[in-house]
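Participant: for reference, the sequence and a predicted model appear below.
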Amino acid sequence: MSSGTTEYLLDIWGTSATDVFACGWNGTVLHYDGVQWQEMDTPVTFPLCALWGNASNDVYAVGYVGTILHYDGAGWTKQPSGTLSYLHGISGSATGPIIVVGQDGTALHGDGSSWASVTTGVSHDLFSVDASDPTNGWAVGESGTAVKYDGSAWSQAPTPVDHMLTGICKSGNRYVAVGDYGCILENDGQGWTEQSYGLSENVLAIWGSTARSPRGVTSAGNVIRLNGDSWTTEESLTSGALHSIHGDPLGASIIAVGQGGTAMHYAGGEWTERSTGTSATLYGVSVCSASSAVAVGRNGTALHWSGTEWSTMPGGTGQHLRAVWAASPINAFAVGDNGTVVRFNGSTWSNAASPTANDLYGVWGTGDDVFAVGSSGTIIHYDGVAWDSVTLSGEPFLLGVCGNGSDDIYACGVDGVLFHFDGGMWEPVDSFTSNTLYGAWVAPSGALTLAGEGGTIVSDTEQPSVPPWDLNGDGVTDLFDILMVGTHFNESGLPGWTPEDLNADGAIDLFDILIVGEHFNETW
């Protein structure tokens, strides 16, 4: 269905299937009559973030720089809000106030014609509000912030997360809030609790490609897949645990391995089991192409997939091998118990001089730049010549490692520990869970997905996007971005003629600086 616009659309609201409104950047408001979308005239060029209404002739839109618009069935008019704060959410009811929330904890209460500022008691940005119950309304925002309106005053309530909450709605007698990293919170009147994705089994590994949605494998023998915004079971393949999943760069050939020597292959849209000739549990698999893959497991088991069959690989070790990474059919590394590192050169496996005796559970690399992680905070690194090691502070138990280049690598493990390597140092990162994390996958775009205990899946879906206010693309909104607006100050052109025209009104002015200012010191 064509919308008739190329502007970013941020919210949608309607009274029926033949009366729907949408709003977005550059003051855009669209209306759908059941047949087609048509753009409506509005008196602003600021982004409009949210919509709400009482009826088809009583609709409100709110947005940047304190913008509040009202539609009376004939046209949109601007109402004085009394603030320049950016407004992100609006909701109301037939018997209570209309509530608008936004920047720095802003809340406005209105009666349809005038607006008054109300104290929420918080200074974090609020992004969404549901005031459909006039004596039990909620708003959510930055740093896990949740505030309740009881019909007379706002008060803050604790939540079990400290990252951004971006949406909230009332369903029956409960409220549901959603946010970053796949977070879902629920409040049934007894406080906020975090919800799982409906998975009870452990997610033991996760992998994706440039052309396929990421998949995970579980302790119950299931393959799960991300479809849109939710994870679902794609197929139940076996009754035993599947320990690893990997595929070729395009995702055309995918292999999952696990308990009892199980190897499941995905090609042509379906999963099939292929005999491996072993009953040894397989812990790791790495796929180079449809005709070349390596799997490893108990007692040093190492197998090669030729495209038609599995065969035993010569050489190796008697130690359990926990993970494998293959750069090519003639260059693979496997790691395992007691610091074991073995390398395949195209014809045989040989033991490498490992710098640790600690058990190793994960390995990943890029070319001859290879990293392996394990118990007691152990991280070992191969630079193409020799292995060296570091021990992370606190000696966390590490189980998985994955990256998107030698300067963008993540290691995860027991108790939700997560560390990031930027090419120089390993630094702790908040994973927003205390559950054990068995595996990580970093998409080519840079987005991170973590998988672990009890169906835990943590997704950093925002990471790939560089927001328009990060004008120099350095990952932080700061003075340099304001200076970039300043270099074009008072210049004009067609709407959106330069990236510094952030509100796409054709003029580089104070409002573009205000857009940068709202996100000052934010990073991604």
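Facilitator: On my side now, so go ahead. Predicted, not measured: the structure shown is a model, and the values here were computed from it.

Participant: ok, now how distant is the closest residue to Ser347 other than its chain neighbours from Phe344?
Facilitator: Among residues not flanking Ser347 along the chain, Pro314 sits closest, at 7.6 Å (CB to CB, 6 or more residues apart in numbering). Yep, even glycine has a C-beta here, placed from its N, CA and C like the rest. Distance, Pro314 to Phe344, using CB to CB, to the nearest Å: 9 Å.

Participant: can you pull the contacts of the nearest residue to Gly34 once chain neighbours are set aside?
Facilitator: Setting aside the residues directly before and after it, Gly34 is nearest to Thr18 in space (CB to CB, 6+ apart), at 3.3 Å. Residues in contact with Thr18 (CB atoms under 8 Å, 6 or more residues apart in numbering) are 32-34.

Participant: would you mind checking those for buried ones?
Facilitator: By neighbour count, with 16 or more other CB atoms under 10 Å, those hold Tyr32 as buried.

Participant: from the contacts of Thr18, which land in strands?
Facilitator: Mapping the contacts of Thr18 onto strands (DSSP state E) picks out Tyr32.

Participant: closest to Leu242 among the contacts of Thr18?
Facilitator: Nearest to Leu242, judged by CB to CB, of the contacts of Thr18 is Tyr32 at 44.3 Å.

Participant: wait, isn't that closest one in contact with Thr15?
Facilitator: No: if you go by CB atoms under 8 Å, Tyr32 and Thr15 don't touch, sitting 11.2 Å apart.

Participant: adjacent strands (with direction) for whatever helix or strand Leu30 lives in?
Facilitator: Leu30 belongs to strand 29-32 when assigned by DSSP states H and E. Strands that pair with strand 29-32, judged by DSSP bridges, come out as strand 19-24 (antiparallel), strand 37-40 (antiparallel).

Participant: make CSV out of those and add mean neighbour count, mean pLDDT and distance to His124.
Facilitator: Shown next, in CSV, are the strands paired with strand 29-32 (neighbours: other CB atoms under 10 Å; pLDDT from 0 to 100; distance: least, CB to CB, whole Å):
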stretch, mean neighbour count, mean pLDDT, distance to His124
strand 19-24, 21, 94, 24
strand 37-40, 14, 95, 32
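
Participant: out of those strands, flag the one nearest Ala280.
Facilitator: strand 19-24 (55.7 Å).

Participant: and the protein, split by domain according to the record?
Facilitator: Domains of the chain are assigned by automatic domain parsing as 9-194, 203-459, 466-524.

Participant: ranking these by mean pLDDT, which is last?
Facilitator: Of all the domains of the chain, domain 466-524 carries the lowest average pLDDT, namely a mean of 75.

Participant: hmm, Ile168 is touching Val176, no?
Facilitator: Yes: assessed by CB under 8 Å, Ile168 is found in contact with Val176 at 7.0 Å.

Participant: between the two, who's got more neighbours?
Facilitator: Between Ile168 and Val176, counted using other CB atoms under 10 Å, Ile168 has the larger neighbour count: 25 against 16.

Participant: tell me which of the domains of the chain lies nearest to Met1.
Facilitator: domain 9-194 (7.5 Å).

Participant: and that closest one, end to end?
Facilitator: Start-to-end span of domain 9-194 (CA to CA, to the nearest Å) is 29 Å.

Participant: from the chain's centre, how far out does that domain sit?
Facilitator: When distances are taken as CA atoms, centre = their mean, to the nearest Å, domain 9-194 is centred 23 Å away from the chain's centroid.

Participant: rewinding a little: now the domains of the chain in JSON lines, with distance to Ser2?
Facilitator: Listed next are the domains of the chain as JSON lines, based on distance: least, CB to CB, whole Å:
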{"stretch": "domain 9-194", "distance to Ser2": "7"}
{"stretch": "domain 203-459", "distance to Ser2": "21"}
{"stretch": "domain 466-524", "distance to Ser2": "20"}
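
Participant: which residues touch the residue nearest to Ser347?
Facilitator: Contacts of Pro314 (CB under 8 Å, 6+ apart): 347-349.

Participant: ok, so of those, who is nearest Ser85?
Facilitator: Among these, and counting by CB to CB, the member closest to Ser85 is Trp349, at 63.0 Å.

Participant: specify the beta-bridge partners of the closest one.
Facilitator: Under the criterion used here (DSSP bridges), Trp349 is bridged to Gly315, Phe344.

Participant: surely it is in contact with Ala302?
Facilitator: Yes: between Trp349 and Ala302 there is a contact at 6.1 Å, judged by CB under 8 Å.

Participant: list residues touching both of these two?
Facilitator: Residues touching both Trp349 and Ala302 (CB under 8 Å, 6+ apart) are 313, 315-316, 334, 342.

Participant: determine which two of these are furthest apart.
Facilitator: Gly315 and Ala334 (11.0 Å).

Participant: of these two, which one has the most company?
Facilitator: Ala334 (33 against 15).

Participant: relative to Phe421, which of the strands paired with strand 29-32 is closest?
Facilitator: strand 19-24 (37.8 Å).

Participant: please name the residues that touch the nearest residue to Thr301 once chain neighbours are set aside.
Facilitator: Counting by CB to CB, 6+ apart, Thr301 lies nearest to Ala280, which is 4.3 Å off, once chain neighbours are set aside. Contact analysis of Ala280 by CB under 8 Å, 6+ apart lists 261, 297-299, 301.

Participant: helix, strand, or coil at Ala280?
Facilitator: coil (DSSP: H, G, I helix; E, B strand; the rest coil).
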